[in-house]
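**Q** Got a predicted structure here, sequence first:
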Amino acid sequence: MERQDKAQDAWVVGGHRFSSRLLMGTGKFQDAETMVRAVLASRAQIVTVALRRVGRIPREDDMLGPLGELKGITLMPNTSGARNASEAIRAARLGRELCGSPFVKVEIHPNPHHLMPDPIETFEAAKILAAEGFVVMPYMPADPVLAKRLEDVGCASLMPLGSAIGSGRGLATVEMLRLILRDARIPVIVDAGLRSPSEAAAALEMGCDAVLVNSAVAAAGDPVAMAAAFAQAVKAGRDAHRAGLMPQGGGTALATSPLTAFLSEEGQ
Amino acid sequence: MKLIVNGEAYEAKRHESVSALLEEMGIGGRPVVVVLNDEVIPSSSRSACGLREGDCVELFRLVGGG
Amino acid sequence: MTPQMPAWLDPSPWLDGRESTPADVERALGCDAPGPRELAALLSPAAHPFMEVMAQHARALTQRHFGRTISMYAPLYLANYCTNGCAYCGFASDRVQPRRRLELPEAEDELAMLKGMGFEEVLLLTGERTSHAGFDYLLECVSLAARRFHAVGIEAFPMTTREYALLAEAGCTGVTLYQETYDPRQYDRLHRWGPKKDYLDRLDAPARAMEAGMRTVGLGVLLGLSDPAFDAICLLRHAVHLRRIHWKSGITLSFPRLRPQSGNFAAMFPVDEAWLAQLVFAVRVVLPDVPLLLSTRERPEFRDGMAGLGISKMSAGSRTSVGGYGEAEPMTEGQFQVSDTRSVPEFCSMLRNRGLEPVFKNWDSVFRDAAGGEHG
Ligand code: SF4
């Protein structure tokens, strides 16, 4: 399976083609208007949403109303709130009903403090949902073995964390991300932990297919301006990846040859 | 008629269909997903689907999320 | 009919005729995630002035992943029957020479001798599948070897996934199967007759072995049969392809070089020691964590120099004829000529003098599942 479409520089996930490499979350914004403007400024084509029970007195703003009307945006429901696989599967089915999209971000974090994803429940949910035909995008620890396991059961992409959700610690998992990228046959999207556009650029530079941000935009001084900054950073990072970085402390030709002297002793 | 809506007791005045209940609750035109006794009711069959005493209704909607 | 190379193997995008420059070589040496492009640069003439720095990189990477150690293994030729017509091989069916196989008690004796020499890993070799030495014979030999050795590899003919699984169950831990050359036209020309003419079946066999749960699969090309840069890039792509899909198995790479042998076959693309060294350094840079093997085909001075310089696994004291360990005068000719005839103790003391520890056992077969390993 080809992870990228070379000419257009589009990327493909679950048979769907996207040109934007920035995915946006819609939580934690001060109001719906800011959120919608930030999504527009980010030029994201995949936007995550969550599922909640309707309150008894339905007075909450319909935050997502305007989003649904935007053209060219795929809503991807997440399973946040699920604490195990069966809850996540239930949430995914409801999300499909509401969004009419096969995309689902499987997200299972039983610990309410650090919100680290549960690898075992995530794997179980992903396996079942992929078999049901969902385009499964699992939020996961940056673990290269789990990555292969999730790929093997039919996930459409991998969404390893850069660092803990909302921690803003950037690409703390960079070495594990490198291993995941090395062997991945499906797109790799860094999800969670990013704080600044430069970190998003770094993720794209090292070969990630996309990044997903939410807090970094929602909690920025000016969320709309920050969304635009992320869009530029992601573009720059991707362009840099395609251009090829200059070598880092590579090598220079050496005149002396202590290690290879044995080669000249005899030719054949 | 007594129903359980989103886990709480609810006295419904209109219960001839799921659509009627949604109207009564003021969420008629809103995008919600209805789960009746653990079964998803597609929006196309809401007006045809009636309710019975003690039914469990769960209503979900989309909110912002990451 | 010349078989079509699958797209995942095709090296042509990196052999576009563009000459690599010294800047390309520098870039390759400093690259975070080197691939075929970087390998092509490191194999180019532009890399010649960089040989010493490539050797330094190769040594540093080898030390980082394998420590100051060299893994040791020994080949054991079980039979020299063959129905194939590989133009370069002394066992080919048109070569006139005595044919035999080791009967099980004889195999037992040879295994005991290798064990006595200190080996814990043995590689069992045969030619093509024949009525004299077919699958069942090999299975029996594997069972025999697995009783004494912690790691038992085979280098034989391509098999079905089911057959590989049966071998794994019997204690086989590795399958070595060289494509010899990845160039389909050269392959077709050199494999004059026999089942080995089936390029794609052979190409697919390592994946089947991994599917069946083999712990390691050894790939390689016989240097001298085709353009070595072409074959090297294919070898890298083959390894990367397998690593992505069959991620529970390991890969090793070997670099056998065509030497004069009983067939008197002259290499069409001769590879000298300097080129072989460049290849090993380059492959080490692009695959830092893959074991790289060097056999006794090479002369002692070259082997001494390469130990730890990319190379992490070596054989020693090898005999390449059937029954070669037990007999003073082997009844048959070897598959290739051994250039490094030093004994195991001699070879090990050389390694130690160079600050390298020979390692005979890397894992313990006691941990092996009764069913031959879980794979799901
Ligand atoms: S290389 Fe192997 S298959 Fe070919 S003739 Fe020699 S023993 Fe037979």
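**A** Yep, it's here.
**Q** hey, C-alpha coordinates of stretch C:96-116 in PDB?
**A** Extracted C-alpha coordinates of stretch C:96-116, given in PDB (Å, rounded to 0.1, in the frame of the first residue of the first chain):
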ATOM      1  CA  VAL C  96      30.600 -34.800 -12.900                       C
ATOM      2  CA  GLN C  97      31.600 -35.600  -9.300                       C
ATOM      3  CA  PRO C  98      30.700 -38.200  -6.700                       C
ATOM      4  CA  ARG C  99      27.300 -37.500  -5.100                       C
ATOM      5  CA  ARG C 100      26.300 -38.500  -1.600                       C
ATOM      6  CA  ARG C 101      24.300 -37.600   1.400                       C
ATOM      7  CA  LEU C 102      25.100 -38.100   5.100                       C
ATOM      8  CA  GLU C 103      23.100 -40.900   6.600                       C
ATOM      9  CA  LEU C 104      21.600 -39.900   9.900                       C
ATOM     10  CA  PRO C 105      24.400 -41.600  12.000                       C
ATOM     11  CA  GLU C 106      26.900 -39.800   9.900                       C
ATOM     12  CA  ALA C 107      25.100 -36.500  10.300                       C
ATOM     13  CA  GLU C 108      25.100 -37.200  14.100                       C
ATOM     14  CA  ASP C 109      28.900 -37.600  14.000                       C
ATOM     15  CA  GLU C 110      29.400 -34.400  12.100                       C
ATOM     16  CA  LEU C 111      27.200 -32.500  14.500                       C
ATOM     17  CA  ALA C 112      29.100 -34.000  17.400                       C
ATOM     18  CA  MET C 113      32.300 -32.800  15.900                       C
ATOM     19  CA  LEU C 114      31.000 -29.200  15.400                       C
ATOM     20  CA  LYS C 115      29.700 -29.300  19.000                       C
ATOM     21  CA  GLY C 116      33.200 -30.400  20.000                       C
END
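**Q** tell me the average confidence for that stretch?
**A** Confidence over stretch C:96-116, taken as the mean pLDDT, stands at 94.
**Q** Please spell out which residues along that stretch are buried.
**A** Buried positions in stretch C:96-116, judged by neighbour count with 16 or more other CB atoms under 10 Å in any protein chain shown: C:99-102, C:106-108, C:110-111, C:113-114. Where C-beta positions appear, they are placed from N, C-alpha and C, glycine not excepted.
**Q** Name the residues that touch it?
**A** C:74, C:76, C:78-81, C:90, C:122, C:126, C:132-133, C:137, C:140-141, C:144-145, C:148-149, C:262, C:322-323, C:325-326, C:331-333 (CB atoms under 8 Å, 6 or more residues apart in numbering or on different chains).
**Q** Next step: these restricted to helices.
**A** C:137, C:140-141, C:144-145, C:148 (DSSP state H).
**Q** so which of the residues you listed comes closest to the ligand?
**A** C:Tyr137 (15.0 Å; CB to the nearest ligand atom).
**Q** and the closest one, how many neighbours?
**A** C:Tyr137 is flanked by 22 other residues according to other CB atoms under 10 Å in any protein chain shown.
**Q** Distance of the closest residue to C:Arg147 other than its chain neighbours relative to A:Met35?
**A** Spatially, and ignoring its direct neighbours in sequence, C:Arg147 is nearest to C:Gly171 (7.8 Å; CB to CB, 6 or more residues apart in numbering or on different chains). Distance of C:Gly171 to A:Met35, computed by CB to CB, to the nearest Å: 61 Å.
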